[in-house]
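Novice: A structural model of the following input is requested.
(one chain, ligands or ions: 2)
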Amino acid sequence: MTNQTLILIKPDGLKKSLTGNVLTRLSETKLDIIGAKIIRVSRKLANEHYKYLKKEPFFEELIKYIMGHYHKKKVMALVYWGEGAIDKVRKICGATNPEKADMVSIRGQYGRITTKGVYENVIHASANKTEAKREIRLWFEPDELIMDIYATKKIESKKNIQVWK
Ligand code: DAT
Ligand code: MG
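Specialist: Ligands and ions are numbered 1, 2, ... in the order given. Okay, the predicted model is just below:
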């Protein structure tokens, strides 16, 4: 079954110049990239993305990490689509804890745990279909993706939008 998944190359991945390495590993999956961008992560976006972890003792450090407090203040966000996308990508990423991750997985190869206990695990990948839907809709607008993967609606907007001059 085809599905889609959100990938984030986290600030440590960008700081360590791992973008190319990570994308090369992900290309093993033969999935299609249907959206990609560089984002400066706000506290609001970070809180929303990790809201299910709000009660964890490491939450504040996790939010600072994803916002780029310790590295570069940017994240690369991508959406991959294709046969079994969620599972294929999770497998290449490896386990959450980089020290327990398979050593040839992305997290096993490039991740570390800091002395503060932050899992700098280089990459995020959606865990399942429900999470993928929540996360992709959080990080991307419909017209930033080249495929219509979820239902959309048109709204009247009075917002000042910036366009090229
Ligand atoms: P995953 O990113 O593998 O989906 P998750 O959703 O459980 O894992 O957690 C999100 C992130 O939170 C994870 O990438 C790193 C951090 N994290 C999870 N458990 C942690 C722990 N015990 N200590 C420190 N950071 C942790
Ligand atoms: Mg998760």
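Novice: Tell me how many other residues crowd the residue nearest to Ala101 when sequence neighbours are not counted.
Specialist: Closest residue to Ala101 apart from its sequence neighbours, by Cβ to Cβ, 6 or more residues apart in numbering: Gly94 at 3.3 Å. Glycine gets a C-beta too; all of them are placed from N, C-alpha and C. Neighbour count for Gly94, taken as other Cβ atoms under 10 Å: 24.
Novice: what kind of secondary structure is whichever residue of the chain sits closest to ligand 1 in?
Specialist: Closest approach between the chain and ligand 1, counting by Cβ to the nearest ligand atom: Thr96, at 3.4 Å. At Thr96 the chain is in coil, as set by DSSP: H, G, I helix; E, B strand; the rest coil.
Novice: same deal with Asp143?
Specialist: Assignment for Asp143 (three-state DSSP): helix.
Novice: Quickly note the distance from it to Ile161.
Specialist: Distance, Asp143 to Ile161, using Cβ to Cβ, to the nearest Å: 12 Å.
Novice: ok, Gly13 - contacts?
Specialist: Gly13 sits next to Thr19, Val22, Met76, Tyr110, Val122, Ile123 when contact means Cβ atoms under 8 Å, 6 or more residues apart in numbering.
Novice: which one is Val22 nearest to, not counting chain neighbours?
Specialist: Of all residues not flanking Val22 in the chain, Ile9 sits nearest, at 5.5 Å (Cβ to Cβ, 6+ apart).
Novice: so what pLDDT did that neighbour get?
Specialist: Among the per-residue scores, Ile9 shows a pLDDT of 98.
Novice: contacting residues around it?
Specialist: Residues in contact with Ile9, defined by Cβ under 8 Å, 6+ apart, are Leu18, Thr19, Val22, Val75, Met76, Leu78, Val122, Ile123.
Novice: List only buried entries from those.
Specialist: Neighbour counting with 16 or more other Cβ atoms under 10 Å marks Leu18, Val22, Val75, Met76, Leu78, Val122, Ile123 as buried within the contacts of Ile9.
Novice: Could you measure from the third one over to Ile7?
Specialist: When Cβ to Cβ is applied, the distance between Val75 and Ile7 equals 10 Å.
Novice: cool, the last one as well?
Specialist: Note on Ile123: its distance to Ile7, by Cβ to Cβ, is 7 Å.
Novice: and if you look at the second one?
Specialist: Counting by Cβ to Cβ, the separation of Val22 from Ile7 is 8 Å.
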